[in-house]
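>>> fold the stuff below for me.
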Amino acid sequence: MVGMQTLILDNIKMTKDLRLENLRNIGIIAHIDAGKTTTTERILYFTGKVYKIGTVDEGTAVMDWMVQEQERGITITSAATACFWKDKNINIIDTPGHVDFTVEVERSLKVLDSAVVVLCAVGGVQPQSETVWRQADKYKVPRIAFVNKMDRTGANFLKVIEEMHSRLGANPVPVQIPIGAENKFLGAVDLITMKAIIYKDDERSDFEVTDIPDDLKKLASKYRHDLVEKLGEVDETVMERYIHEKGVYPDEIRAVIRKATISGKIIPVLCGAAAKNKGIQPLLDAVCDYLPSPLDIPPVRGTNPDDTSVITRKVADDEKFCGLVFKIKTDPFVGKLAYARIYSGKLMPGDYVYNSTRGLKERIGKILKMHANKQEIIEKATSGDIIALVGLKRTTTGDTICDEDSPIILESMHFPEPVISMSIEPKTKQDQEKLGIALNRLAEEDPTFKVSYNKETGQTIISGMGELHLEIIVDRMLREFNVSANVDEPQVAYKETITRHSRAVGKFIQQTGGRGQYGHVVLDVSPAQKGSGIIFESKIIGGAIPREYIPAVKEGVTEAAQNGYLSGYPVTDIDVKLVDGSFHEVDSSDIAFHMAGSIAFNEGLKNGASIILEPIMNLEVITPENYMGDVIGDLTSRRVKIESITDRANTKVIKAFAPLNEMFGYATAVRSLTQGRASYTMEPSFYQEVPKNIADKIIELSGRVKTKE
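Numbering: from 1, shown residues only. So this is what the prediction gives:
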């Protein structure tokens, strides 16, 4: 009987491990228009998830379900789905490629085990390709690359490989090479089996596996040798057998490729033309063969909220439950949806979870599997799953949910600061209340969308990552929340900082008969490193200020940093040290020290030679050569600093740094200069000091100070 029980337990364990072993959590990431959504649509079709192929151009793509996505032909929000290929369960998140929606890529990569990077065979490694690559590096996400659009004029597979090496610092290893290119693209040579995959025609997905064409045998042998050589750096057995001509079997090569991919040592590269149904089945095979399951990823690490000690959680259903909420979405039917990755344990409807980030308990109403905007109710979520939860009213993006008796806080996500702002007001009194509700819900969904209130002008200010970002927000308010609003022209989100050290005193003393208010602080205010924000540190020794008042001083400094001295823009990159002060045993209070901290910080800004900073964008313009002179002349007039000019497929590529303030309306300008033949992409890069003549205008418009001190 004991033997039978052991056998049953072993079978249960094997089933559990097999489920996780056959699970793939992948993201599809790329530059805009490289073909992410088209590739995802083909994956869904070939895996039998959908029975009709949707297209981005016609607005029928399953994953681009938002009205705004269908109208514009771009992906705006990441969409999750799941499908099966052979014996593998693949959870997919299709992400946007436009830089304004880079938050969707960031939070998706945080919870995914791996990624497929789609690269355009014509455009190669483009600006947003570099951005998503850096994001994947940040989270140490194993990935494979798919060189798409091999059927397009100017397609060059080997040039993309070279750019991956030079621009991304990657170690790309082709596991296929294309057979033909442009309108003669027929298929690919599989370097593992040394066979050719030939597609029958552009409309059907049929292909045949045959011998390598004679004119490609020499090139295929070279790349096969390079493949085995690179794998030999990971596994000596492969190299030894290859050198001694003992033969290396395809399954052995795949196993070593998988090992090297998961460790991040190589990037397997495949090719195809998703719009023509070419290359999708081998790509799915590569996802299953080379990308990791949750069991291949190191256990998730977090901290104990009680003592900040490091805790790990293994991917197992019998572990204590923990998960990370990575996205919030408002659904018209069920209300708030919280997308979560389950790292350990299991979850059922009706369970209570502990939000360790905020220290509160919430009850799970329903658990949903998502297919774009369609929902499937499931009875249980287990380790490794990516699901949506109904019922978490106070949980938001980046929060950890776990068992209350075994709390853990997982590392949250950091999102870029907005670079563009505009004021917004309701069109009618009826819209007033609805506007506030809509803005709050949209801000809850999108951590890069900020809402603030300017006390001096009485305006509500919305801020985001670009003109398109805010345009979509305003459009969503009208369509989803039925709120009509007036907006002004977009404004650059300037910032302020100081250029020299200063010591500042803040006193808040009020005597009104009876108990008064008394707070006195001394701050050392100094410039800090770029991108560091506001750093606050207490250097109080000897009890000059009681410990319980120090958080209030910090709050006062943080509040004052929202409005700078010169023109009212937020303050950044400042190191604040609380060095001295005094208190009154009766009159001192939190509010008094809050006010004193605020007064001292403002004084520090005034004495610290404040300057205004403007966002500088990474700009890439692609233009036919005969328009080069006009394009460069226009860029120079916009204070743009040109870094390089290179050739790419019969065009010129201009890379430059551009002040955002000068780039409003550039889309129209560059179209008119080049008869619509040029294109450009732009993403935030860094902040730098505004030239004095422009700073003076900004200060004058703000009406705060007449001249810089």
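>>> how about Val621, secondary structure?
Here Val621 is strand, with the state taken from DSSP: H, G, I helix; E, B strand; the rest coil.
>>> got a list of what Lys320 touches?
Lys320 is in contact with 313, 344-345, 402-403, 406, 408, counting by Cβ atoms under 8 Å, 6 or more residues apart in numbering. Glycine gets a C-beta too; all of them are placed from N, C-alpha and C.
>>> swap in Leu270?
Taking Cβ under 8 Å, 6+ apart as the test, what Leu270 contacts is 144-147, 174-176, 188, 279, 282-283, 286.
>>> turn the contacts of Lys320 into a markdown table, including pLDDT.
Compiled in a markdown table, the contacts of Lys320 are given as follows (pLDDT from 0 to 100):
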| residue | pLDDT |
| --- | --- |
| Arg313 | 91 |
| Ser344 | 92 |
| Gly345 | 92 |
| Cys402 | 93 |
| Asp403 | 92 |
| Ser406 | 91 |
| Ile408 | 92 |
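>>> in strands only, show me these.
Mapping the contacts of Lys320 onto strands (DSSP state E) picks out 313, 344, 402.
>>> using a markdown table, lay out these together with distance to Gly123 and neighbour count.
Rendered in a markdown table, the data for those read as follows (distance: Cβ to Cβ, whole Å; neighbours: other Cβ atoms under 10 Å):
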| residue | distance to Gly123 | neighbour count |
| --- | --- | --- |
| Arg313 | 41 | 22 |
| Ser344 | 41 | 26 |
| Cys402 | 43 | 27 |
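>>> for Arg301, state which of the residues you listed is nearest.
When the ones in strands among the contacts of Lys320 are compared for distance to Arg301 (Cβ to Cβ), Arg313 comes out closest, at 8.1 Å.
>>> which ones are touching the nearest residue to the closest one once chain neighbours are set aside?
Spatial nearest neighbour of Arg313, excluding adjacent residues (Cβ to Cβ, 6 or more residues apart in numbering): Ser344 at 4.0 Å. Remark: with contacts taken as Cβ under 8 Å, 6+ apart, Ser344 is in contact with 300, 313-316, 319-322, 383.
>>> now with 7 Å?
With contact set as Cβ atoms under 7 Å, 6 or more residues apart in numbering, Ser344 has these partners: 313-316, 319-322, 383.
>>> so what's it bridging to?
The bridge-partner assignment for Ser344, based on DSSP bridges, gives Cys322.
>>> for Ile266, see how far away it is.
Ser344 sits 29 Å away from Ile266, taking Cβ to Cβ, to the nearest Å as the criterion.
>>> next: Ile498.
When distances are taken as Cβ to Cβ, Ile498 and Ile266 turn out to be 47 Å apart.
>>> for the stretch 551-700 of the chain, give me the ranges with low pLDDT.
Per-residue confidence for the stretch 551-700 of the chain (pLDDT under 70) gives these ranges: 649.
>>> where do the helices sit along it?
In order along the chain, the stretch 551-700 of the chain carries the following helices (DSSP state H, counting those that start in this stretch): 590-607, 628-637, 666-673, 692-702.
>>> and if you look at the stretch 251-400 of the chain?
Going by DSSP H, counting those that start in this stretch, the stretch 251-400 of the chain shows helices at 280-290.
>>> could you pull out the strands for it?
Ranges of strands within the stretch 251-400 of the chain are 267-271, 300-303, 310-313, 322-331, 335-344, 346-347, 352-355, 360-363, 366-371, 374-378, 381-382, 386-390, 400-402, based on DSSP state E, counting those that start in this stretch.
>>> packing partners for the fourth one?
Identification of packing neighbours for strand 322-331 by 3 or more Cβ pairs under 7 Å, 6 or more residues apart in numbering; DSSP states H and E yields helix 102-111, strand 335-344, strand 400-402, helix 430-445.
>>> turn the ones you listed into JSON lines, including distance to Met682.
Supplementary listing: those in JSON lines, determined by distance: least, Cβ to Cβ, whole Å:
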{"stretch": "helix 102-111", "distance to Met682": "12"}
{"stretch": "strand 335-344", "distance to Met682": "29"}
{"stretch": "strand 400-402", "distance to Met682": "35"}
{"stretch": "helix 430-445", "distance to Met682": "23"}
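>>> and the contacts of Lys320, which is closest to Gly519?
Proximity of these to Gly519, judged by Cβ to Cβ, is greatest for Ile408, which lies at 37.8 Å.
>>> can you tell me which residues contact Ile266?
Going by Cβ under 7 Å, 6+ apart, the list of residues near Ile266 reads 171, 173, 230, 260.
>>> what sits closest to the first one if chain neighbours are left out?
Taking Cβ to Cβ, 6+ apart as the measure, Asn171 lies nearest to Ile266, with 5.1 Å between them; neighbours along the chain are not counted.
>>> go through the helices and strands packed on strand 322-331 and pick out the most buried.
Taking mean count of other Cβ atoms under 10 Å as the contact definition, the stretch among those with the greatest mean neighbour count is strand 400-402, which reaches a mean of 27.
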